[in-house]
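*Asks:* The amino acid sequence is not available; the structure is as follows:
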């Protein structure tokens, strides 16, 4: 390993694995609000909420994904380049990236556990990729075989740089987590070609689907080779030429974030995943080079995305037509596109903003997306997935691949499943960060965090069933010479905090002396009992979110709930039930660690009014009481298909 | 003219033109609830509401469309076949149909007015088409030049039969309205090839985009040649093979109405225009052959479309992604696709159902679509058009071709503008019908209707400013030996009726002795004063239409209103205004014959709550009163672009 900003290259007491950085390891740390810990500094308990997910990911999602690379044609596509397979190219032009995302997940997984279960697959795949790679470093199984004359010709749609980006990210993960210099060398051969072609000495050009920008910055961070950074910077600087470089397209320049230069783009717009991947790269470029105009644009875009264009589940991108962000407040729950990859991309970008800008609002967004939109995308058995994540499934809904009623094992466009695998395999890296004088904890799940050297020695233990429960016990085992900053989530209203046996005199979030959303405890603190009250409550949307007017969503802490017909087999359709806000929402234990919520509703009896008619007078319908059971949205669709809704009309 | 069901081939007193049938002229009239009048039996006053539109269509829309056929490349595409043009094919593969729809409009226009203004264009275009047509009758400018090897290969997407259908409809209209046997001969050469290829002796096959079915039935009606009917019947019978004949497609079988046989398809589903064009053809086949299973399926589909999947404007097809009907009650006003062609197709289909099944609900639907969705698609100057017809334009909306902020002169997919032209040129044909013993009036606009021979002699005059006003004076000039049946629209609540000077003792629609929605007046009736009360009222949607919960639409009679920012330049955003139902809606004259409606609203002062937060307590915000001006939806977008909404949240 040539570079590791915050990690010492020795085995860590927490995991016993050689220390290595996580997915984001800035070199220029001077302007960061906070710095990542080594990924190896955090071990999630396998019984905690995030730890269970990570285990499911390792045991089910990742092996399943590896198998699907064969069945879906992604690996056979690459064997066409080497002559080992002579069928037609299968899938979308960017199918290579499915392979790379799985490889990235393996990198983090090996870093986390040291498993050798994937070594055979890694060796075999490296061999294939090495033989498939052109002498000059180029590697794209579609272009190489089917359109060798079209190399770098269709930047708009061919996804060559997008695939290169995922190869680079895989290689960085495998270098960091598994110490594989071979993959890094392979990726660098391609990256060097990208630099020669599109770098400072090359032609102006950038990918229709951003991704390579953040990858090149990370490769720079891993290698110290500045041309990678300069090339990413140039792509960010050139972008926004109204399709002059990409070529005309019926979807328009916004779709490709090419309508205006990045610095003049305060609105999150166009294809949601493209926008959010681009933003991760832009934030990375700012971090390394300090161009404040880039950070300003990112702050404005972050507000646009999170204050006007985000579903209550943290999902983004409401439109099916072009997978785009809609207009501000255009957030239909039934026809939500809400692609899994967009929620993942938002986690990745918001984490970079958290490092750069340091406000708990970024961590709030990460938590919302992670525990709801991303979590819902995986089935209980870890082997089937949602690509699109609607917040309302209508009774009698006609299922299509991207307008789903249930999860499927893979997709014709399979970007999402391996994206989940790579994110979840690296989840621990998102838990905590450090400043010069404080250890900062952002996410809560049972875990052990190694105290960075400059802040003392030993570990910080988090014991909690969060988000099943709002109690978090934080104990320092060793010596913390710096402060301990604990995030008090934005959803918190009431709480109790006991620090080394002494209760803090604060009963609500507003009473606490928070630093940018964090409760900062002085050096020497040993034990903090955080008890975040977690009643089930109803939230309403901004009045411009017309699609959910007069409705509320049930939430409990960071967890968004939904009502499924499966829990109301004998009741009226959940399409017709309204929630009474004058009756308490009751938290009830279920089979899952996360409780259920029971509310009181009413349904009109046997009324089927005309599609359009006179405004009904209040109280004219005969109504029956209905006991409404809500389950965490992340768990929906694991039982019998049927109507589901997050937003419940009010009685 | 070889066949005309209800028209005598003599000049009519009403128009002075040779009598001819309108677009739908059933041969088998024995099972019809009612029969069309000759198109020539109705003359719309050019000062009446529909007459003004027809004049605008003749003066502006039609000439504009003829010009655009050249500019858009549709005519040059055909000249590629004859070698007169050597550029690339321009536009979508079905661009020929734009030419045919304009020709159809000209046919009805000549029938209506006898104009010779289009004769030069007709002769020149006939010459081009004749030379472009293959010796065996085939005619498709894309396939002939670019893919001669692909004739009839891609039934799913190539639109060959769709274009053939529009050519046939054009020829029928030109034969009926302009007496052109030459176009009919050209179309028959193609139709005979279609019969040979897909008729009873040919292969099984049908078009991915239905349209040829209804066209072939009408050609049968015009020529008496039964194989045309048999071929349409076979296509209807074969349809529903789950893409076995059409070929696999990512959009799925529903998109093409190929998921199930027609008789087993009670739900309106898939691509809305395809579904509705198919249904027109199915209804035509029923009419001629009497297979009641087809009519039963059509009744069920009509209910599905109109009771669960119709916008309040009469528009249909909510989804942009695949231009499809959404699920039942999936009717977002902002992201409404609501294609103009779907509303036109619904008028055409509902008229066929009105003939076959004879209920005023079909006429109600025609009126709703015509006066709102279709009317809104044309600009005030008749030269620009909406393809998509949203019911809510958000502030700051980013315009795209099919997510419009304003009308445009033409479209890359130009199906809608010439579709408007052909419908409006034949509007008079939709006004009235006859049974054995009654003349039935369905639509109201100032007009003269010739009494069919079997019901007496002379004319029936309609004097009215409808829908600006609810008063309709009906006077018989001559002798009506049959009954006179006047539609009492479904929207009517209160009314007054005076028959030959005697008021009817009925103050509401419910009091009237209606026959299937029609007020039937005995033979000998001379003068009826119909005064339909037309207060401005608020209508609510079925509670499953989540997207407009807690909101109402302002309507007055059959006219749907909307609120535009253009009328509130100094007020708050119309996005933030709520309507008070406790204050009267006031009808106020404006510049247009249709009045405006003024309501009282309120807007919260300077409140921008979080995207998701606690349910606001009632009365917590400071609110200011707002005077809200609503204009007919059909007129929206003719002034400065800005927010527009049909559905207004309630205070």
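*Replies:* Structure received. No experiment lies behind these values; they were computed from the predicted model shown.

*Asks:* What helix or strand is residue A:27 located in?
*Replies:* Of the helices and strands defined by DSSP states H and E, none includes residue A:27.

*Asks:* And for it, the neighbour number?
*Replies:* Residue A:27 has 16 neighbours, counted by other C-beta atoms under 10 Å in any protein chain shown. In short, each C-beta sits where N, CA and C put it, glycine included.

*Asks:* Show the residue spans covered by the helices in the stretch 151-300 of chain A.
*Replies:* For the stretch 151-300 of chain A, the helices defined by DSSP state H, counting those that start in this stretch cover A:160-178, A:181-198, A:212-223, A:226-238, A:252-255, A:272-289, A:292-308.

*Asks:* I should have written the stretch 351-500 of chain A there, sorry.
*Replies:* Going by DSSP H, counting those that start in this stretch, the stretch 351-500 of chain A shows helices at A:360-368, A:375-376, A:416-425.

*Asks:* I'd like the helices of the stretch 151-300 of chain A laid out as a markdown table, including mean pLDDT and distance to chain B.
*Replies:* Shown next, in a markdown table, are the helices of the stretch 151-300 of chain A (pLDDT from 0 to 100; distance: least, C-beta to the nearest C-beta, whole Å):
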| stretch | mean pLDDT | distance to chain B |
| --- | --- | --- |
| helix A:160-178 | 98 | 21 |
| helix A:181-198 | 98 | 29 |
| helix A:212-223 | 98 | 24 |
| helix A:226-238 | 98 | 22 |
| helix A:252-255 | 97 | 6 |
| helix A:272-289 | 98 | 13 |
| helix A:292-308 | 98 | 5 |
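
*Asks:* thought residue A:85 was touching residue A:79?
*Replies:* Yes. Between residue A:85 and residue A:79 a contact is recorded at 3.7 Å, counting by C-beta atoms under 8 Å.

*Asks:* quick one: residue A:555 is in a strand?
*Replies:* Yes. Residue A:555: assigned to a strand according to DSSP: H, G, I helix; E, B strand; the rest coil.

*Asks:* Contacts only, for it.
*Replies:* Residue A:555 sits next to A:312, A:491, A:536-539, A:561 when contact means C-beta atoms under 8 Å, 6 or more residues apart in numbering or on different chains.

*Asks:* Any figure for the gap between residue A:372 and chain B?
*Replies:* 12 Å (C-beta to the nearest C-beta, to the nearest Å).

*Asks:* Quick check: the gap between that residue and residue A:506.
*Replies:* Applying C-beta to C-beta, to the nearest Å, the value for residue A:372 to residue A:506 is 28 Å.

*Asks:* pLDDT score assigned to residue A:3?
*Replies:* Note for residue A:3: predicted pLDDT of 40.

*Asks:* Same question for residue A:607.
*Replies:* Note on residue A:607: pLDDT of 69.

*Asks:* wait, doesn't residue A:334 sit right on residue B:327?
*Replies:* Yes. Assessed by C-beta under 8 Å, residue A:334 is found in contact with residue B:327 at 7.2 Å.

*Asks:* list the residues that contact both of these two?
*Replies:* Counting by C-beta under 8 Å, 6+ apart, the residues touching both residue A:334 and residue B:327 are residue A:394.

*Asks:* the more surrounded of those two?
*Replies:* Of the pair residue A:334 and residue B:327, residue B:327 is the one with more neighbours under other C-beta under 10 Å, namely 24 against 21.

*Asks:* pretty sure that one is in a strand, no?
*Replies:* No. Counting by three-state DSSP, residue B:327 falls outside a strand, being coil.

*Asks:* That one: what's its closest spatial neighbour, skipping adjacent residues?
*Replies:* Leaving aside its chain neighbours, residue B:327 sits nearest to residue A:394 (4.4 Å; criterion: C-beta to C-beta, 6 or more residues apart in numbering or on different chains).

*Asks:* burial count for residue A:123?
*Replies:* Neighbour count for residue A:123, taken as other C-beta under 10 Å: 12.

*Asks:* Kindly state the pLDDT recorded for it?
*Replies:* Residue A:123 carries a pLDDT score of 98 in this model.

*Asks:* Next, give phi and psi for it.
*Replies:* For residue A:123, the backbone dihedrals (degrees, to the nearest 10) come out as phi -70, psi -40.

*Asks:* Residue of the stretch 1-150 of chain A nearest chain B, please.
*Replies:* As assessed by C-beta to the nearest C-beta, chain B sits closest to residue A:92 within the stretch 1-150 of chain A, at 11.2 Å.

*Asks:* hang on, I meant the stretch 501-650 of chain A
*Replies:* Going by C-beta to the nearest C-beta, chain B is nearest to residue A:550 of the stretch 501-650 of chain A, at 3.7 Å.

*Asks:* got the contact list for that residue?
*Replies:* Residues near residue A:550 by C-beta under 8 Å, 6+ apart: A:649-650, B:549-550.

*Asks:* Pull up the residues of the stretch 551-651 of chain A that are close to chain B.
*Replies:* Where the stretch 551-651 of chain A comes near chain B, counting by C-beta under 8 Å from any C-beta of the partner chain, the residues are A:551-553, A:575-576, A:581, A:604, A:608-616, A:647, A:649.

*Asks:* can you rerun that using 7 Å?
*Replies:* With C-beta under 7 Å from any C-beta of the partner chain as the criterion, the stretch 551-651 of chain A comes near chain B at residues A:551-552, A:575, A:581, A:609-616, A:649.

*Asks:* Quick check on the closest residue to residue A:499 other than its chain neighbours: phi, psi?
*Replies:* Using C-beta to C-beta, 6+ apart and skipping the chain neighbours, the partner closest in space to residue A:499 is residue A:528 (5.4 Å). Dihedral pair for residue A:528: phi -120, psi 130, per degrees, to the nearest 10.

*Asks:* Show the pLDDT at residue A:528.
*Replies:* Looking at residue A:528, its pLDDT is 98.

*Asks:* Isn't it up against residue A:520?
*Replies:* No. Assessed by C-beta atoms under 7 Å, residue A:528 is found out of contact with residue A:520, at 11.2 Å.

*Asks:* Between these two, tell me which one has more neighbours.
*Replies:* residue A:528 (22 against 16).

*Asks:* all strands for the stretch 401-550 of chain A, in order.
*Replies:* In the stretch 401-550 of chain A, the strands defined using DSSP state E, counting those that start in this stretch lie at A:432-434, A:438-441, A:447-450, A:456-464, A:471-480, A:483-487, A:495-499, A:502-503, A:514-515, A:518-521, A:527-532, A:536-541.

*Asks:* Who are the contact partners of the residue lying closest to residue A:568 once chain neighbours are set aside?
*Replies:* In this structure, residue A:568 finds its nearest non-sequential neighbour in residue A:574, 5.8 Å apart by C-beta to C-beta, 6+ apart. Each residue near residue A:574 by C-beta atoms under 7 Å, 6 or more residues apart in numbering or on different chains is listed here: A:563, A:565, A:568, A:643, A:645.

*Asks:* follow-up on the earlier one: present the strands of the stretch 401-550 of chain A as TSV; the columns should include distance to residue B:448.
*Replies:* Compiled in TSV, the strands of the stretch 401-550 of chain A are given as follows (distance: least, C-beta to C-beta, whole Å):
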stretch	distance to residue B:448
strand A:432-434	82
strand A:438-441	83
strand A:447-450	85
strand A:456-464	83
strand A:471-480	83
strand A:483-487	78
strand A:495-499	79
strand A:502-503	90
strand A:514-515	79
strand A:518-521	81
strand A:527-532	78
strand A:536-541	55
